[in-house]
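Participant: Can you look at this prediction? I've put the sequence above it.
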Amino acid sequence: MSAHIECVGSTRDGQLIYKVTISLGKKSDGARWREYRRVTEPVKLTKRQENARAAEVERQVRAEVLAPPRSSLTLAQWAGQWLTSLEGRREPATIYGYSKLLRARILPELGHIALMTLTRAHVLKYLDKLTTAGRLDKRGQLTENSRRHHLTCLSSLLSAAVAREIIPLNPALGLRDAPRPERREALAYNAQQIQKLVQALPAAPPWPQLAGLIGVTAGLRRGEVCALTWSALDLIKLALHVKQAVDGTPKQQQRLKSTKSVRGIRQVPLPGAVMARLLDAWSSQLLRAQDGKQLSPFCLVDDNGTHITPDRLSRAWKDFITDSKLPKLTFHGLRHTYATQMLQVLDVRTVAELLGEDPAVMLRTYAHVLERHPREGADLMNGFL
């Protein structure tokens, strides 16, 4: 291995920064050819883990810089190098989403074309084809947002090629007829539906029941719910300390990461009844530990003590909603439900802090909740006359 790795510091959220130096021999002028990359890790690596991480980065760098001649490099060849170069710099879920879009439609349609010959006409023709293309699961047509996701992925890939000076311009940028994002109201339960949900939850297995209660009464994202540990419970303030999330893809090992943004690190008050259910879950774990099963640091585990992943939570929640004959709502919809209810009694800034969101994003997402008829203002002032 011709790569060296060393810890050089830490980020503001406590992640360790490692610098990787890769030796690639000598340049044409005889000077040493070295490439440098920085990666972050949530915990200190062992020597074996450091060597494995350095080898992984070295493979990525070699695939990135030792590319085929630029004139013959196809979109498919560059896509493989680009995805490899994203590892360690983007979240695994983001890379997984890009790879799905590329494999499903982009590469079958455009993969054979050399990057140097790819034009705006190719991109427009591809987008036009998506307009009439059906979903791969045969459930209707692609939405405008789906077409925009394809264009975003393709444009990111081509922008990276421009940055590497493989092509002079990105033909996917500045398209006059580019798909525009659709503004849709966030789906959420109303007060009556929340009551039905709470009444139906006792019929669910213990861990989906607990996750549902936390989701609807605290508005946590599914990755944040799965990452909750017993040390995050504040029994004095009856609150949760949200500091981390679980990330990963169905084909990769799940890992802990910091929250989606700095705002995501927050304290969320809990109803006393939900805190009591969490303490019941803790007691159940202690009893299982007495029977020889491993005690987990995580709040959300199954009867065998296995940690619940976000994808498993989503599948279990979908099954629960179907079996309970409740209106369709994803687990993330519980977050929207919480936000909608909190906005009835709290100001936007406070609700944004509870959700770990930007207040400006809150105003855009929940504008329909905050709408008031202009007549209400006139009637209010009329009361002073």
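Facilitator: Here it is on my side, so go on.
Participant: Now do the buried residues in the one helix or strand residue 280 maps to.
Facilitator: Per DSSP states H and E: residue 280 is located in helix 272-290. Within helix 272-290, the residues that count as buried by 16 or more other Cβ atoms under 10 Å are 274, 275, 277, 278, 281, 285, 288. (Glycine included, C-beta is placed from N, CA and C.)
Participant: repeat for stretch 205-219
Facilitator: Those would be 207-219, for stretch 205-219 by 16+ other Cβ under 10 Å.
Participant: so where do the strands sit in this protein?
Facilitator: Ranges of strands in the chain, per DSSP state E, are 3-10, 16-26, 32-41, 233-234, 239-242, 244-247, 255-258, 266-269.
Participant: Just send those strands back as TSV, with distance to residue 143 too.
Facilitator: As requested, the strands of the chain are exported to TSV (distance: least, Cβ to Cβ, whole Å):
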stretch	distance to residue 143
strand 3-10	42
strand 16-26	40
strand 32-41	35
strand 233-234	40
strand 239-242	31
strand 244-247	26
strand 255-258	29
strand 266-269	32
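Participant: contacting residues around residue 80?
Facilitator: Neighbour list for residue 80: residue 63 [criterion: Cβ atoms under 8 Å, 6 or more residues apart in numbering].
Participant: And residue 193, by the same measure?
Facilitator: Contacts of residue 193 by Cβ under 8 Å, 6+ apart are 326, 327.
Participant: neighbours around residue 103, how many?
Facilitator: By the measure other Cβ atoms under 10 Å, the count of residues near residue 103 is 12.
Participant: Around residue 334, how many other residues sit close by?
Facilitator: So residue 334, with other Cβ under 10 Å, has 28 neighbours.
Participant: about what we covered before: list just the nearest of the buried residues of helix 272-290 to residue 187.
Facilitator: Using Cβ to Cβ, residue 274 comes nearest to residue 187 of these, at 22.5 Å.
Participant: Looking at the closest one now. What's its pLDDT?
Facilitator: With respect to pLDDT, residue 274 scores 94.
Participant: before we move on, back to that, tell me which of the buried residues of helix 272-290 is nearest to residue 24?
Facilitator: Checking the buried residues of helix 272-290 against residue 24 by Cβ to Cβ gives residue 285 as the nearest, at 50.4 Å.
Participant: any idea how far the closest one is from residue 49?
Facilitator: Residue 285 sits 29 Å away from residue 49, going by Cβ to Cβ, to the nearest Å.
Participant: How about residue 357?
Facilitator: Using Cβ to Cβ, residue 357 is found at 34 Å from residue 49.
Participant: who's more crowded, these two?
Facilitator: Neighbours were counted for residue 357 and for residue 49 using other Cβ under 10 Å; residue 357 has more, 22 against 13.
Participant: Tell me the confidence at the closest residue to that one other than its chain neighbours?
Facilitator: Distances taken as Cβ to Cβ, 6 or more residues apart in numbering put residue 263 closest to residue 357, at 6.5 Å, once the chain neighbours are dropped. What the model reports for residue 263 is a pLDDT of 84.
Participant: Point out where the chain drops to low pLDDT.
Facilitator: Residues of the chain meeting the criterion pLDDT under 70: 1, 66-71, 137-138, 177-178, 180-185, 248-254, 372-385.
Participant: Next, give phi and psi for residue 89.
Facilitator: The phi/psi pair for residue 89 (degrees, to the nearest 10) reads phi -110, psi -20.
Participant: Determine the number of other residues adjacent to it.
Facilitator: 13.
Participant: likewise the one 3 residues further on?
Facilitator: Other residues near residue 92 number 19, with proximity taken as other Cβ under 10 Å.
Participant: start the count at 38, not 1, going forward
Facilitator: That works, and once the first residue is 38, the last one we named lands at residue 129.
Participant: Quick check: it vs residue 75, distance?
Facilitator: 18 Å.
Participant: Equivalent analysis for residue 365, please.
Facilitator: For residue 365, the distance to residue 75 equals 43 Å [Cβ to Cβ].
Participant: Residue 60 contacts residue 73, correct?
Facilitator: No. Contact criterion Cβ atoms under 8 Å: residue 60 and residue 73 do not qualify, at 10.8 Å.
Participant: Between the two, which is the more surrounded one?
Facilitator: Between residue 60 and residue 73, residue 60 has the larger neighbour count (other Cβ under 10 Å), namely 14 against 10.
Participant: check contacts around the more buried one.
Facilitator: By Cβ under 8 Å, 6+ apart, the contact list for residue 60 reads 39, 40, 69, 70, 71.
Participant: how does it look with 7 Å?
Facilitator: 39, 71 (Cβ atoms under 7 Å, 6 or more residues apart in numbering).
Participant: returning to what we had before: TSV please, covering the buried residues of stretch 242-256 and showing distance to residue 234.
Facilitator: Below are these laid out as TSV (distance: Cβ to Cβ, whole Å):
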residue	distance to residue 234
244	16
245	12
246	11
247	14
248	12
249	7
250	10
251	13
252	10
253	7
254	11
255	14
256	14
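Participant: For the chain, which residue occupies the most central location?
Facilitator: Nearest residue to the geometric centre of the chain (Cα atoms, centre = their mean): residue 130, 5.9 Å.
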